[in-house]
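Enquirer: I need the structure of the sequence given here:
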Amino acid sequence: YVALMIRDYYALSEPTDYYALSEPTVPEHLKTRIKHYKDAYYNSSIQKYDKSLEEQAYEAYSTLGEELRSLVDLMGEAEFQRILLLTTLPKDEQIKMIIQAMDKDSTNCG
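Expert: The predicted structure is shown next:
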């Protein structure tokens, strides 16, 4: 009940856009590298069977996996930094941001 009252109180105030609420962004160079390896894997998988193509496909797929793992690591680091930022704010700002994030998540899911 108290959480709902707090949420309603802050819902009446003007929303603010903090870095802590923003979505982690993927750097363009990582998007490009991942797309390159996806394309390489796809191109090698649609061609007529050849042992060298199989090796190229395996290499492209392995590299794609490595790139995706590094992307996941970067997103995890971004989330960690967001949490660190949140803990530096005053308690009322922390509550406001948590409520805004919860409202945003419920909107995205609905």
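Enquirer: ok, residue 64 - contacts?
Expert: By Cβ atoms under 8 Å, 6 or more residues apart in numbering, the contact list for residue 64 reads 34, 37-38, 41. From N, CA and C alone the C-beta is placed, and that goes for glycine too.
Enquirer: if we go to 6 Å?
Expert: Applying Cβ atoms under 6 Å, 6 or more residues apart in numbering, we find residue 64 in contact with residue 37.
Enquirer: Find the helix or strand that it is a member of.
Expert: Taking DSSP states H and E as the definition, one finds residue 64 inside helix 51-88.
Enquirer: Now that helix: buried residues?
Expert: Under the neighbour-count criterion of 16 or more other Cβ atoms under 10 Å, helix 51-88 has 56-57, 60-61, 63-64, 67, 71, 78, 82, 86 buried.
Enquirer: where does the chain have low pLDDT?
Expert: Within the chain, the set of residues satisfying pLDDT under 70 comprises 1-26, 44-50, 104-110.
Enquirer: coming back round to it: turn the buried residues of helix 51-88 into TSV, columns for distance to residue 100.
Expert: Output for the buried residues of helix 51-88, formatted as TSV (distance: Cβ to Cβ, whole Å):
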residue	distance to residue 100
56	47
57	45
60	41
61	40
63	39
64	35
67	32
71	26
78	18
82	13
86	11
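Enquirer: Return the closest of the residues you listed with respect to residue 27.
Expert: Distance ranking of these against residue 27, using Cβ to Cβ, places residue 71 first at 9.0 Å.
Enquirer: and the residue lying closest to that closest one once chain neighbours are set aside, how many residues sit next to it?
Expert: Nearest non-adjacent residue to residue 71, counting by Cβ to Cβ, 6 or more residues apart in numbering: residue 30, 5.7 Å away. Per other Cβ atoms under 10 Å, the neighbour tally for residue 30 reads 14.
Enquirer: what's the angle from the host helix or strand of residue 30 to helix 51-88?
Expert: When elements are assigned from DSSP H and E, residue 30 belongs to helix 28-46. Counting by axes from the mean of the first three to the mean of the last three Cα atoms, to 10 degrees, helix 28-46 lies at 150 degrees to helix 51-88.
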